[in-house]
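Novice: Structure of the sequence below:
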Amino acid sequence: MGKAAMEVGNKKIDTLIGKDSNLVGTIESTGTIRVDGKFEGEITTKGDLVIGESGQVQGKIKAQNIVIAGQVRGEVEAGGKLELVPTGNLQGEAKMTLLIIEEGAVFQGNCQQLSKDQKEKGRFLQIDTPKEQPPVK
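Specialist: Residues are numbered from 1 along each chain as shown. This is a model prediction of the structure:
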């Protein structure tokens, strides 16, 4: 397997569940995980999680950023971004800070946006009232 096949964007994949694999259980990691096969159970990582087009996950998943190109049923929690690309299908509950659903993707279920900590929240909410500009003549 070439180096390019083991990278997602500029991130190295630490754990890969291949297309022909069928796994049941619990995975805990601090690195990036990619699922191209079938997985049933719980995945928790401090890194990112990618569900490939052929990937099918049933259960609970929790990661920093999650990209879904395959099928996911269950509970999904992304500390950062949850992205459903056009081939992605998510059925269940989703919690995330930022949600991106591309045209063609399917999402059925409940969605909850996690708030950032108060310090960051305050920074984003500081919006000055625009000053009135004199009309341009």
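Novice: show me the residues around Lys81 that make contact.
Specialist: Asn65, Ile66, Met96, Thr97, Leu98, Leu99, Ile100 (C-beta atoms under 8 Å, 6 or more residues apart in numbering). C-betas here are computed from N, CA, C, even on glycine.
Novice: any idea which of those residues has the most stuff around it?
Specialist: The residue in the contacts of Lys81 with the most neighbours, by other C-beta atoms under 10 Å, is Ile66 (27 neighbours).
Novice: is that residue in a bridge, and if so with what?
Specialist: Leu49, Leu82 (DSSP bridges).
Novice: Show me the shaky parts of this protein.
Specialist: 1-11, 116-137 (pLDDT under 70).
Novice: For this structure, just list every one of the helices.
Specialist: Applying DSSP state H to the chain gives helices spanning 118-125.
Novice: ok now do Gly92, which residues does it touch?
Specialist: By C-beta under 8 Å, 6+ apart, the neighbours of Gly92 are Val72, Arg73, Gly74, Glu75, Val76, Gly109, Asn110.
Novice: Show me the beta-bridge partners of it.
Specialist: Gly74, Gly109.
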